[in-house]
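Peer 1: below are the sequence and a predicted model for it; my questions follow.
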Amino acid sequence: MQPEVERELIRKVKNGGARFYEPLVRAYEGPGMRLALGMMGHPDDAWDALQEAFVKAYQNLARFDLNRPFGPWFFQILRNQCRDMLRSRQSRGRLETRDERLELRPADARSSPERARQRREARDLLWEALGRIGEEHREILVLKELEGFRYSEIAEILGIPEGTVASRLYHARHALKRALEEMNVEFP
């Protein structure tokens, strides 16, 4: 979503137009679900965290600074919601890999059945490996590699310096590589 459009929607919501919040929800629902799944480990828990984060963001929108981008602010709320839920439930379940809503990338309609099968297997291996690494590593990998956030955006979401983002990302990639090696996944 274009920043200007986003700001205008937020402005309208702040002025009492609650219906203008829905396009923001739709824009951030997919990326938010992937981040929440990466943190929560189970689609139902991730969905609950995501919905609660949208509610909290809406409730706090009056305090939102229109000079800042909405995405990092929302993802910080979502991250905190996931952490709160994990602490309160003291759960770190395994990552679900079969939820088709969470495709890493939409399948190309022209792709062969064999290619589609390979993509599913790769996705399943990735989510299994992500489930084997720590929450901090999983979180930063989801933000950077799956959602494509820039270092500055990740720093804002996580509340850490950009240099720390680079360091954590380096260690997270190595942790993921070790997890894949332990799963006997061969690299080309």
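Peer 2: Cool, the structure landed.
Peer 1: leaving out chain neighbours, which residue sits closest to Phe54?
Peer 2: Nearest non-adjacent residue to Phe54, counting by CB to CB, 6 or more residues apart in numbering: Val25, 5.6 Å away. From N, CA and C alone the C-beta is placed, and that goes for glycine too.
Peer 1: residues making contact with stretch 173-188?
Peer 2: With CB atoms under 8 Å, 6 or more residues apart in numbering as the test, stretch 173-188 has contacts from Leu125, Glu128, Ala129, Leu130, Arg132, Ile133, Gly134, His137, Leu141.
Peer 1: the last one sits in which helix or strand?
Peer 2: Leu141 belongs to helix 135-141 when assigned by DSSP states H and E.
Peer 1: what of the first one?
Peer 2: When secondary structure is defined by DSSP H and E, Leu125 falls within helix 113-132.
Peer 1: what's that helix packed up against?
Peer 2: helix 135-141, helix 162-182 (3 or more CB pairs under 8 Å, 6 or more residues apart in numbering; DSSP states H and E).
Peer 1: any buried residues in the shortest one, and which?
Peer 2: The neighbour-count criterion (16 or more other CB atoms under 10 Å) identifies His137, Arg138, Glu139, Ile140, Leu141 as the buried residues of helix 135-141.
Peer 1: who touches that helix?
Peer 2: 35, 38-39, 79, 86, 92, 130-131, 133, 154, 158, 165, 168-169, 171-173, 175-176.
Peer 1: swap the cut-off to 10 Å and go again
Peer 2: Here helix 135-141 makes contact (CB atoms under 10 Å, 6 or more residues apart in numbering) with 35, 37-41, 79, 82-83, 86, 92, 95, 126-127, 129-133, 147, 149, 154, 157-158, 160, 164-165, 167-176, 179.
Peer 1: what comes up buried for the helix or strand of the chain with the lowest mean pLDDT?
Peer 2: One helix or strand of the chain scores below all others by mean pLDDT, DSSP states H and E: helix 113-132, with a mean of 82. Applying a neighbour-count criterion of 16+ other CB under 10 Å, the buried positions in helix 113-132 are Arg119, Arg123, Leu126, Trp127, Glu128, Ala129, Leu130, Gly131, Arg132.
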